[in-house]
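>>> Fold the following and give me the result.
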Amino acid sequence: MIYKSAQKVRIYIVDQKNHDYTEDMKRVIVHSDINHCYAQIEEMRHPELRNVPMAVGGSEEKRHGIILAKNDLAKAANIKTGESLRDAYRKCPNLTIVHPDYDAYMYYTEKIKDIYRKYTDRVESFGLDEAWIDLTPSQKLFGDGVELAKKIQDEVYDTYGMTVSMGVSFNKVFAKLGSDLFKHKGFALIQEEDVENIVWPLPAEDLLMVGTRMKKNLNEMGIFTIGDLAHRSVHELEKRFGVMGHLLWMYANGLDDSEVHEVGYTRPAKSISHSKTVVKDIESMAQLREVFRVLSECVAADLRKAHVKGRTIHIHLRGSDLKSCGKQKKFDQYTDLASDILSAAMDLAAKLWVGDVPLRSVGIHVSMLSATQNFDQLDLFSQPQTREKERALEEVLYKIRNRYGYDSCRMAASRVDVQLTDFDPDGLLHQVHPVGVLEGSIRK
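Predicted coordinates for the structure are as follows:
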């Protein structure tokens, strides 16, 4: 059964916190997606933008010149999310480009999620514009969960004039699938008895976690629809893709039992990374060192915020020819020091790059995280007092920057070429979906 619209109903606020539900209560999981989020927020703030082809895009000068979101008129001109501003202007010379205002986007998306939180304490964000909502326990207070989802959808529109698409199902995977079926305040209900008729005929790439590469691999196996995937031997999929093959088979068969996490839940980090597409090409090791210094400081600060240390570092280099390479190594001990990360990053870079091709973007990634390594492993050559001084200094720098901004305290060397180093990697240039969103058990 699929609904394309929802009736507007006035609702009242009731706190449902601490209300448990019985196991036999119908499970109602909602996935909400704010339609062309950034563009819709800009239209809400500036209504005149609704009358012109408009897209939210980055700066070509700073090499973030891509379309991040577009309104309906820009979509009608065949403007695509992710394409360059240059290509977009070729298609639509009168296109209006609005530079992103991430503070506003965070503010309004949180306001919308506050509406969800009025009806349940289980609201799990999936990036800025998407969220899973568990309305199962809410049914004891508000009645049928499907009708409640419609009411919430209408309240968002009545309050902010913004449309959200909603998918309602008995698990997170199919709820996400449902929210993608219809845009512009679309509403899709996928019940267990609907899986064969609604879900299985859809392309395999519509299933969460199936990207471009996985789609190609599945197609090579003769798997083109979600139904093909559901009916394929799970052992064959495991043999080809390992654990991921088993998970995809489960999801295609509706066997996801992962929970929607409570408000405030923070998923433990498996890795911490920062990267930067630089304003101008990096042409020397000295320039690379200063960009890596900023990235290392921010990775180290994030490690300490998460109360973890890392054992493996990986660097990523992308040349002006758009070819990429990477290399990794293990530290001698777990660390959260920027000096350790910077030193290891430069050692790896010396083995990868000799300056023959200028670098367009670089990144540092620290993994093998542990929250139990709260001490430095000593050896004959260790200098624990020096390391503690370095850690104390970095803590002071972090506190100053956290209070007064990153520019309030920088290394003097980073001011030699401010075009390369005048950035804050902790900014909100890229909002990405979190990793590991589905945590249900694997049924063997």
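
>>> From here on, just use CA atoms for contacts and neighbour counts.
Noted.

>>> For the host helix or strand of Gln153, buried residues please.
Assigned by DSSP states H and E, Gln153 belongs to helix 145-160. Across helix 145-160, burial judged by 16 or more other CA atoms under 10 Å covers Gly145, Val146, Leu148, Ala149, Lys150, Lys151, Ile152, Gln153, Asp154, Glu155, Val156, Tyr157.

>>> what do you get for stretch 351-366?
Neighbour counts over stretch 351-366 (16+ other CA under 10 Å) mark Trp353, Val357, Pro358, Leu359, Arg360, Ser361, Val362, Gly363, Ile364, His365, Val366 as buried.

>>> Can you pick out the most distant pair from those residues?
Val357 and Val366 (25.2 Å; CA to CA).

>>> Let me see the ranges of the strands in the stretch 51-200 of the chain.
Ranges of strands in the stretch 51-200 of the chain, per DSSP state E, counting those that start in this stretch, are 54-57, 67-70, 96-98, 123-125, 130-134, 164-169, 187-190.

>>> Out of these, which one sits most buried?
strand 164-169 (a mean of 29; mean count of other CA atoms under 10 Å).

>>> So which other helices or strands are in contact with it?
strand 29-34, helix 145-160, helix 172-179, strand 187-190 (3 or more CA pairs under 8 Å, 6 or more residues apart in numbering; DSSP states H and E).

>>> any chance of those in TSV, plus mean pLDDT and distance to Cys92?
Formatted as TSV, these follow (pLDDT from 0 to 100; distance: least, CA to CA, whole Å):
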stretch	mean pLDDT	distance to Cys92
strand 29-34	97	25
helix 145-160	96	29
helix 172-179	96	29
strand 187-190	96	31
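
>>> for those, which one sits closest to Phe292?
Taking CA to CA, strand 29-34 is the member of those nearest to Phe292, at 35.6 Å.

>>> so what strands line up beside the closest one?
Here strand 29-34 has these sheet partners by DSSP bridges: strand 130-134 (antiparallel), strand 164-169 (antiparallel).

>>> can you dump the C-alpha coordinates of it into CSV?
This file holds the C-alpha atoms of strand 29-34, laid out as CSV (Å, rounded to 0.1, in the frame of the first residue of the first chain):
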residue,chain,number,x,y,z
ILE,A,29,9.8,2.9,11.7
VAL,A,30,9.8,6.1,9.7
HIS,A,31,12.6,7.6,7.6
SER,A,32,12.2,11.3,6.9
ASP,A,33,14.1,13.1,4.2
ILE,A,34,13.8,16.9,3.8
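
>>> immediately after it, which helix or strand?
Later in the chain than strand 29-34, the nearest helix or strand by DSSP H and E is helix 37-45.

>>> Next, the angle strand 29-34 makes with that following helix.
Inter-element angle recorded for helix 37-45 and strand 29-34: 60 degrees (by axes from the mean of the first three to the mean of the last three CA atoms, to 10 degrees).

>>> what's next to helix 37-45, contact-wise?
Helix 37-45 is contacted from outside by 49-50, 54-56, 68-71, 100, 105, 108, 129, 160-162, using CA atoms under 8 Å, 6 or more residues apart in numbering.

>>> quick check, nearest of these to Lys239?
Closest approach to Lys239 among the contacts of helix 37-45 (CA to CA): Asp129, at 35.8 Å.

>>> show me the contacts for the closest one.
Contact partners of Asp129, counting by CA under 8 Å, 6+ apart, are Asp33, Ile34, Cys37, Thr109.

>>> Assumed Arg360 was part of a strand.
Yes - according to DSSP: H, G, I helix; E, B strand; the rest coil, Arg360 belongs to a strand.

>>> what kind of secondary structure is Val354 in?
Of the three states, Val354 takes coil under three-state DSSP.

>>> Could you shift the numbering so residue one becomes 44, and keep it that way?
Sounds good: first residue 44 from here, last item Val397.

>>> how close does it get to Met389?
In this view, Val397 and Met389 are 12 Å apart by CA to CA, to the nearest Å.

>>> got it, and Glu190?
57 Å.

>>> Then Leu338?
Taking CA to CA, one finds Leu338 at 12 Å from Met389.

>>> what angle sits between the helix holding Gln196 and strand 173-177?
140 degrees.

>>> Return the list of helices and strands in contact with helix 188-203.
In terms of contacts (3+ CA pairs under 8 Å, 6+ apart), helix 188-203 is packed against helix 145-160, strand 207-212.

>>> would TSV of the strands of the stretch 94-243 of the chain with distance to Glu437 be doable?
Formatted as TSV, the strands of the stretch 94-243 of the chain follow (distance: least, CA to CA, whole Å):
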stretch	distance to Glu437
strand 97-100	35
strand 110-113	35
strand 139-141	37
strand 166-168	31
strand 173-177	35
strand 207-212	43
strand 230-233	50
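
>>> out of the ones you listed, which comes closest to Glu438?
That would be strand 166-168 among the strands of the stretch 94-243 of the chain, by CA to CA, at 29.7 Å.

>>> which other residues reach the closest one?
Lys156, Tyr159, Arg160, Ala174, Trp175, Ile176, Asp177, Val303, His304, Glu305, Val306, Tyr308.

>>> what about the first one, neighbour count?
The criterion is other CA atoms under 10 Å. On that basis, Lys156 has 20 neighbouring residues.

>>> So the chain: which segments form each domain?
50-235, 243-295, 314-464 (automatic domain parsing).

>>> Quick one: end-to-end length of the second one, please.
The first and final residues of domain 243-295 sit 8 Å from each other (CA to CA).

>>> and if you look at stretch 407-415?
By CA to CA, the extent of stretch 407-415 from end to end equals 23 Å.

>>> again with stretch 151-168
Stretch 151-168 has an end-to-end distance of 14 Å (CA to CA).

>>> list the buried ones in that stretch?
Residues of stretch 151-168 classed as buried by neighbour count (16+ other CA under 10 Å): 151-152, 155-156, 158-160, 162-168.

>>> and it, how far from the chain's centre?
Distance, stretch centre to chain centre, for stretch 151-168: 17 Å (CA atoms, centre = their mean, to the nearest Å).

>>> ditto for stretch 276-290
The answer for stretch 276-290 is 25 Å, by CA atoms, centre = their mean.

>>> could you dump the buried residues of stretch 394-409 to a markdown table with distance to Asp324 and pLDDT?
Compiled in a markdown table, those are given as follows (distance: CA to CA, whole Å; pLDDT from 0 to 100):
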| residue | distance to Asp324 | pLDDT |
| --- | --- | --- |
| Trp396 | 14 | 91 |
| Val400 | 9 | 90 |
| Pro401 | 6 | 92 |
| Leu402 | 5 | 93 |
| Arg403 | 5 | 89 |
| Ser404 | 8 | 88 |
| Val405 | 11 | 93 |
| Gly406 | 14 | 93 |
| Ile407 | 17 | 95 |
| His408 | 21 | 94 |
| Val409 | 24 | 95 |
